[in-house]
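S.K.: Quick one, what's the 3D model for this:
(3 chains)
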Amino acid sequence: MARLIRTEKEVEGRYEEVWIVVEEDALEQWPDGPLRVVGRPATRADGPVRARGEATYTADLRLNGMLHTAVLRSPHAHARVARIDLAPALALPGVHAAIGPGDVDVLVAECGFEGAPVAAVCADTLAQARAAVAAIDVEFTELEPLLDPDEAVARGALLGEPRIRTRGDVERGLAEADVVCSGEFRTSPVLHNSMETHQTVVQWVGDSVDVYISTQFIWGVRESVAEKLGLPQDKVRVVCEYMGGGFGAKNSPDDQTFIAAELAKRTGRPVKCALTRREEHLAAGHRNPTIQRLTVGAKQDGTLTALVGEYVNAVGWGGWSSPVEGPMHLLYTCPNVRSTTHAAKLNSPPMKAFRAPGFVEGTFGLEALLDELASKLGIDPLELRRRNHTEQDPSDDRQFSGKNLLECYRRAEPHWERRHEVRARSTDVVKRGVGMASQIWYGGGGPPSYAWVRVGSDGRATVVTAMQDIGTGTKTAMAQIAAEELGVPLEHVTVTVGDSSRGPYASISAGSSTTPSMGPAVRAAAADARRQIEEIAEQRGDPGMPLAEVVALLEDGQILGKGARGPNPAGMQVLTFGVQVAEVAVDVETGEIWVDRVAAVHDVGRVINPLGAASQIEGGIIQGVGHTLSEERLQDPHTGRILTTSFESYRLPTIADVPEIVSELVDVPDRHLTNLGSKGLGEPPIVPTAAAIANAIRDATGADVRRLPIGREEMLRALREAEQRQHESGRREAPARV
Amino acid sequence: MPELDVNGHRYAVDAPVGTTLAEALRDELTLTGTKIACGEGQCGACTVLVDGTPVLSCITLVHSVEGATVTTIEGLRDHAMVDAFVRADALQCGFCTPGQIVSAVALVERNPSPSSEEIRHAMAGNLCRCGAYPKIEEAIRSWRD
Amino acid sequence: MKLRRASSVAEAASASNSLLLAGGTEVVPLLRAGILEADELVDVRAAVPRGIDGPTIGAGTTLAELEASDQVPDALREACRLAASPQLRNTGTLAGNLLQSTRCWYWRLKWPCRLHGGDECFARDGEHREHAVFANDFCGSAHPSDVAAALLALDATLATSRRTLPLGELYRVPTADDRRTTTLEPGELLLSVELPAVERSVYLKAMERKRWAFPLVGVAASRGKESTRVALAGVAPVPWLLDERGLEAATPLPGTAYKVEIATALVRRARAQLDA
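M.R.: Next up is the predicted model:
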């Protein structure tokens, strides 16, 4: 039965109160453990199509008469367009239209960052469009850029009010502490850099518009485009069958969509607007830098008495203030916690959500500080975390819908035990060590999300839903769920996604929410179809009649099931948990770091596809290794212009940088969460990687690395600092050898 | 007008000097399995075989490979490596995958049983942002299974 | 733009107002980025020797061929193995590698710096963590060629279409009067490299990834009959031959002091490996 409820909706740690219609979720959860199809490894349904180069990505789309766009972007971090004349561009061969500031609101004359879009030209070929953009007569007035986050805070250049979160009394907590540790941690801007850059093709068809886009949220694009173009939503069709990665940067339609839409409208032709890799480095979002000034107080036995955080999110010209303080408030039972988070508005490109935004950065600071504390107290870092474990959300005492973090710790023990053997392999030059860090993050998904299931007389089923598979393998997981519920072989299920005109509303693929949002809807739809098939069997006087025999009677008839995602458990906190243990080697003369091995144990409820899950974990850890060791967007310190605009200077990990990765999932359904008990896995694996590596480095060398990335320069600096400290104290301040 | 042999077919490419092989393949021949992800020769998504050797088609001028034999992912669709990638789950978003497979095929053609170290050395020019690397290594190790 | 194939040195060398192209891994991206411009491209592959013949290496030999050869000294082979990416090594030639431009981000982004004829080195006062520790008072850029450092340590001699010269003389530190970083004249082609016999050689490289990155510091060392030579990549606007003053003479920028530390360790190790 449909029900209208007021509920809290969470995406990537951002909450909003919304009214939504939900269907009662009447299905019992399946029994624990691997089932016939669910919980068993399945290869990717669209693997062959993607691997063979047959999949049509937005980048591959070639519509008849399609025009190509080039964008004029601000070459300055802060500037005003003093004068602009598009006529020289329009005079060039092949050019169909040119638009400038005000022609569409994403083109601006006030430029707050290098790369801000100012004008755009579409032409028959991309080369012609680029030549035309170069011909635009434009003059900028340069303005003083604001680049320093602390200065922005001091000057009140903020995006929104500071966020203050408090529980207990931290002054009292610090007074009660036997040991207090403080540190300043910094993280750098890192870029999503999905291999397919941001791109959109827009085509007007009569009074409707077709939007082909590389996106993580078909329905969000539909809503935004309809609103901006003043169209009813059903006049906007959004298509994204295959997309080449997003990681949070493609949650919105973005500038290129509105530029293409305006140019398509003016020319009456399909228009493509695709960012180049260099534009992607400027204007496609990033994980914003943070400054974290942290203090922890604890009793001699390790009991935390206070946690204090002064955070600055260096957000950039736009975006939002990610929950960098989240882990401090959620991870441990500490009674006294206070955080202040400032969102600095700077003349750097706008941030966007990037795979567990805020928590990746905040976990690095918090978990590195905890290890510094463990070292001071002489307590085993894993034991310190166990002693401060919490059974309910410590910020509001809500029950967790399911939490198996202690089980994760237990399963991590064999990996943690390796530290004695690993350290023993150290030489005078190459020091080895092991570090760990805990993971906490969201990932429960939520309503609304819908799916249909169609069963034909041949016994084959099709799941229809207008979601997107951004490369996480969700399509495969949905096929497994439907096959399990229907009792048919996996290869008899097809999943159709990627087109808002060919299926019902589906969740955003962000916040680790696709599987926990879509999965229960798909199961409900399959159950609805199965119920109808069983009813027919009963009418035929044979309740036990196999599905294949029942549907064989249908001829051209079809069984149509529909399903919806039910509500999240009322009054409960739905989170994911885990722990990672990293092993590193550090050359103390050259600062070279090898991450040799990362063991990951996570609790995300029921696992649908262990093969795809392992891939998600590996991918998250590898991105984590990248932003821990080699990735950093650099800005010229005087002008604010971006210096790393290519893969040569912005260094993603290569296959040679990858550690051995051992992963394990607790795989126990969350009893309170939906008919599946599954949570998302896209983000959790990236959360603790940086902290685990930093802690391993400190274990190996005694050096406190408090800044990401840990390049050679930072590693050598930290080693010198540790040496100095040791020299001053006259003894080696070794990490806790417990 | 340069003539090329692409996947066993002869083509005459009508494009100005300066056009890259990747642009010619994708725009003139509509062989869009070859991807362009950086356009500067730094990521490997555009890798194709020219006379059997992996090259970066996004910085190879089509006029400079006149007369060459070019093999793209479309010419390797039936290679056992494709199935090995699918079996091992060696792809996520799949955008870099055609280039990965082209590089991997070239590797095993000259060294059918590469070691882990050899795989990592030979595949280091193919970036994968999703991080499918461990499974790419596994696919190449087990490609003949 | 036109493309012409030169089948002889004479044809290639006679070309004027044009750009010579072999593997194209450096020239094509710079053309597309608008840093290089030309009316005519001359494909010189047929005009430049390729292959390894005892101590003589054709300038058109690819890095991949050198990497796979058991005829070349260890330092050169290792420098090739750790250079660039596999695909770039497959196409990129020895000559192209020696003549590549700096990876300085300001230069690559076409800031009007001294190397581009301007009057400021933006790196010196700006972001220069990957820049020079020697000869950096006019231009802070670092020479990125692993191969050049190896050949410099190996005391290679170059043959061009007009002369023979020690490898070190191919390069010049840019000055206010002359911003060029090589001594090559327009139309002059690198043809081959001659290597004297050495007893032992080694190349060690520090980079920010395990593969496919330019050297923060590359150290090549070789021991010949008479002397040991040590040359560095990534530490000066040109490949840098270490003299008797060694790294003591370094003049690092505030952000490149760590490179001296790395270089000190790698030079020590390289010498130790020669003696081992």
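S.K.: which helices and strands does the longest helix seen in chain A pack with?
M.R.: Ranked by residue count and defined by DSSP state H, the top helix of chain A is helix A:514-539. Judged by 3 or more Cβ pairs under 8 Å, 6 or more residues apart in numbering or on different chains; DSSP states H and E, the packing partners of helix A:514-539 are strand A:450-455, strand A:461-464, helix A:474-486, helix A:547-551, strand A:559-564. C-betas here are computed from N, CA, C, even on glycine.
S.K.: count of residues packed around the nearest residue to C:Val72 once chain neighbours are set aside?
M.R.: Closest residue to C:Val72 apart from its sequence neighbours, by Cβ to Cβ, 6 or more residues apart in numbering or on different chains: C:Leu66 at 5.7 Å. Here the number of neighbours of C:Leu66 (other Cβ atoms under 10 Å in any protein chain shown) works out to 24.
S.K.: still on that earlier bit, relative to helix A:474-486, how tilted is the longest helix of chain A?
M.R.: 30 degrees (axes from the mean of the first three to the mean of the last three Cα atoms, to 10 degrees).
S.K.: Taking their axis directions, helix A:514-539 and strand A:450-455 sit at what angle?
M.R.: Following the same axes, to 10 degrees, one obtains 40 degrees for the angle between helix A:514-539 and strand A:450-455.
S.K.: If you count neighbours, what's buried in helix A:514-539?
M.R.: Of all the residues in helix A:514-539, those buried under the rule 16 or more other Cβ atoms under 10 Å in any protein chain shown are A:514-530, A:533, A:536-537.
S.K.: what do you get for stretch A:287-301?
M.R.: Those would be A:287-298, for stretch A:287-301 by 16+ other Cβ under 10 Å.
S.K.: what does stretch B:15-24 give?
M.R.: Buried residues in stretch B:15-24, counting neighbours by 16+ other Cβ under 10 Å, are found at B:15, B:18-24.
S.K.: Check whether A:Met572 really touches A:His672, as I assumed.
M.R.: Yes. Under the criterion of Cβ atoms under 8 Å, A:Met572 lies in contact with A:His672, with a separation of 5.8 Å.
S.K.: Please identify every residue contacting each of these two.
M.R.: With Cβ atoms under 8 Å, 6 or more residues apart in numbering or on different chains applied, the overlap between the contact sets of A:Met572 and A:His672 consists of A:Ser401.
S.K.: re the thing from before, for chain C, find the nearest of the helices and strands packed on helix A:514-539.
M.R.: Within the helices and strands packed on helix A:514-539, the stretch nearest chain C is helix A:474-486; the backing value is 30.8 Å (Cβ to the nearest Cβ).
S.K.: mean confidence for the closest one?
M.R.: When pLDDT is averaged over helix A:474-486, the result is 98.
S.K.: Could you confirm whether that helix reaches chain B?
M.R.: No. Figure legend: helix A:474-486 not in contact with chain B (Cβ under 8 Å from any Cβ of the partner chain); closest approach 9.4 Å.
S.K.: What is that helix packed up against?
M.R.: Helices and strands touching helix A:474-486, by 3+ Cβ pairs under 8 Å, 6+ apart, are strand A:450-455, strand A:461-464, strand A:493-496, helix A:514-539.
S.K.: what residues are up against residue 48?
M.R.: Went with chain A since none was named. A:54, B:82-83, B:86.
S.K.: not quite, I wanted chain B
M.R.: Contacts of B:Val48 were listed using Cβ under 8 Å, 6+ apart, and they are B:21-22, B:25, B:34, B:54-55, B:57, B:70-73, B:102.
S.K.: quick one, helices of the stretch 201-350 of chain A?
M.R.: Read by DSSP state H, counting those that start in this stretch, the stretch 201-350 of chain A holds these helices, from start to end of the chain: A:218-229, A:254-267, A:277-283, A:326-330.
S.K.: other SSEs contacting the first one?
M.R.: Spelled out, that is helix A:218-229. Based on contacts counted as 3+ Cβ pairs under 8 Å, 6+ apart, the elements that helix A:218-229 packs against are strand A:208-213, strand A:236-239, helix A:254-267.
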